[in-house]
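Colleague: A predicted structure for the sequence below; I have some questions about it.
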2 protein chains.
Amino acid sequence: VRDLSNDTRLLAVNSATVKAWSLEQLVDGCQRAGIPAIAPWRDIVQAVGVDKAGRLIRAAGLEVSCLCRGGMFPAVDEAGRRAALEDNRRAVDEAAGIGAKCLVLIAGGLPKGSKDLAGAHEQVRDGIAALLPYARDAGMPLAIEPLHPMTAADRACVNTMGHANDLCDELGEGLGIALDVYHVWWDPELPRQIERAGKRIVTYHVCDWLVPTRDLVFDRGMPGDGVIDLKGIRAMVEATGYNGHIDVEIFSTLDWWKREPDEVLRICKDRHRTVV
Amino acid sequence: VRDLSNDTRLLAVNSATVKAWSLEQLVDGCQRAGIPAIAPWRDIVQAVGVDKAGRLIRAAGLEVSCLCRGGMFPAVDEAGRRAALEDNRRAVDEAAGIGAKCLVLIAGGLPKGSKDLAGAHEQVRDGIAALLPYARDAGMPLAIEPLHPMTAADRACVNTMGHANDLCDELGEGLGIALDVYHVWWDPELPRQIERAGKRIVTYHVCDWLVPTRDLVFDRGMPGDGVIDLKGIRAMVEATGYNGHIDVEIFSTLDWWKREPDEVLRICKDRHRTVV
């Protein structure tokens, strides 16, 4: 077994972590920092256009661990669900255009005015099922990302690895899982569900859970600053055979988004070596 | 089957909902409002003393759906765990002294400086096991309350009905479950785990999940103001045979704690009839 710890070749930086930067700045910054991979959100890719984005990334020799994100399937009506499907197909094209290893999917929450959680779960399942043939044709793996239960109402009603595994069981080839420790670290089922996931884990994200957490969305911590057993979860993930990138994704209006992005990258790199 | 909907005899008001009130004020206010039961926190019971609290409540003819709360088992050392056990025994005595139907237990989070979630789970299990003989002798049911996963680090590392059921399986007679919809509404396993719980559900709490939620602790909604399918979950709970009180428990620095408590009680009573 290869010892992957401290291997900077595995580090990827998510564009959300250095929110102020454009794609060009992210590419340049990662080159300066010796960081070999990025995980962009669609906004910065669309801002330069997919073709130019792909050229910039390839010219820099960077890998793309994933594109964030498609999904958001539930809607109040059929027109809304159709619009979501069309947008998700564009996201597959964008992911392919920049050479991403997968497209991350966020389920979406309850449709406006709805309290029908089981119905939202069905819409997510049906939405992924409708997208899968297109993604398979494009050779682009989809990665459903369980989000923290505190996001169930308004962003993602798939909140556990167990639910993600159930969706993979049902929908089959072409659907994998994006595991972000922030969302699932608390789950007593996590060890069992990571083992069950096995090769389904196609992208792995880290940050940390701060105590106290002051905002439900924008107060994630830098790895090492919170309570998540990062090395323990990583060991479980790598025991499945996962040897892909480790993507540092931090939403932080209160701290990290206020800092100088080059400094943030330097600290990501340092923490990757020491605590991830 | 008796139709329990709209039956005000089932309504209980948790003292956290009218945070500004003392026990005397809560007792008087519920009498004025025609609300038949209360669920006090320990602070207001201790403020008047258990004996006087019991006399006040009995004289008013009120029932006590539960006492909130014991628990908080994990600690950094044996002295801390022993102190928690002693405090929990006092909580059992207080619950018995005021005629509460059960003592609610909140698990507690990670000990300070720890990232060992599995270890915290063990400390919770061992703490409840140590408390159970004392509670059984006192004839006081314990009710482990799964709290929302966003509280796992600092308040409660038991976050699902599945985990609570596992604890009941392991620890046996005398341990039940406090089901608060706020904490578990998002869980795709909820229907299955409520059915599994059956007679273990000894107290049932309601409030609502607001969108957006602006604080991880103190922004709970009045029933009907959020997205939780209250009638749906209640139907599942009552299908287990539960016919106890429905306890309205709202933490809300941002809204309800600023209002006049008599008005809050009036709205609780109204919502109990219409949306719970």
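Modeller: That came through fine. Numbering: from 1, shown residues only, chains lettered A, B, ... in the order given.
Colleague: CA only for contacts and neighbour counts going forward, please
Modeller: Noted.
Colleague: and residue A:70, bridged to which residues?
Modeller: residue A:105 (DSSP bridges).
Colleague: give me every residue that touches residue A:38.
Modeller: Contact partners of residue A:38, counting by Cα atoms under 8 Å, 6 or more residues apart in numbering or on different chains, are A:12-15, A:26-27, A:30, A:62-66, A:247.
Colleague: Try it again at 6 Å.
Modeller: Shown in contact with residue A:38 (Cα atoms under 6 Å, 6 or more residues apart in numbering or on different chains): A:12, A:13, A:14, A:64.
Colleague: Need the three-state assignment for the second one.
Modeller: It refers to residue A:13. strand (DSSP: H, G, I helix; E, B strand; the rest coil).
Colleague: Helices of the stretch 101-250 of chain A, residue ranges please.
Modeller: Using DSSP state H, counting those that start in this stretch, the helices of the stretch 101-250 of chain A run over residues A:117-138, A:161-171, A:181-184, A:190-197, A:230-238.
Colleague: Next, count neighbours for whichever residue of the stretch 51-200 of chain A sits closest to chain B.
Modeller: Closest to chain B within the stretch 51-200 of chain A is residue A:115: 5.1 Å, counting by Cα to the nearest Cα. Using other Cα atoms under 10 Å in any protein chain shown, residue A:115 is surrounded by 17 other residues.
Colleague: was I right about it contacting residue B:225?
Modeller: No. Contact criterion Cα atoms under 6 Å: residue A:115 and residue B:225 do not qualify, at 11.2 Å.
Colleague: Enumerate the residues of the stretch 101-250 of chain A near chain B.
Modeller: Within reach of chain B by Cα under 6 Å from any Cα of the partner chain, the stretch 101-250 of chain A has these residues: A:115, A:227, A:228, A:229.
Colleague: The same query, at a cut-off of 7 Å, please.
Modeller: Residues of the stretch 101-250 of chain A lying close to chain B by Cα under 7 Å from any Cα of the partner chain are A:115, A:149-150, A:152, A:154, A:186, A:211, A:214-216, A:227-229.
Colleague: Give me the buried positions along stretch A:20-33.
Modeller: A:22, A:23, A:24, A:26, A:27, A:29, A:30 (16 or more other Cα atoms under 10 Å in any protein chain shown).
Colleague: Those in helices, which ones?
Modeller: Of these, the ones assigned to helices by DSSP state H are A:23, A:24, A:26, A:27, A:29, A:30.
Colleague: could you pick out which of those residues are near chain B?
Modeller: Okay, of those, nothing touches chain B (Cα under 7 Å from any Cα).
Colleague: Tell me who's in contact with residue A:48.
Modeller: Contact analysis of residue A:48 by Cα atoms under 7 Å, 6 or more residues apart in numbering or on different chains lists nothing.
Colleague: and the gap between residue A:233 and residue B:274?
Modeller: 45 Å (Cα to Cα, to the nearest Å).
Colleague: quick one, which of these two is more surrounded?
Modeller: Counted by other Cα under 10 Å, residue A:233 and residue B:274 do not tie: residue A:233 has more neighbours, with 19 against 13.
Colleague: Would you mind listing where the stretch 51-200 of chain A has pLDDT under the threshold?
Modeller: For the stretch 51-200 of chain A, no stretch is flagged by pLDDT under 70.
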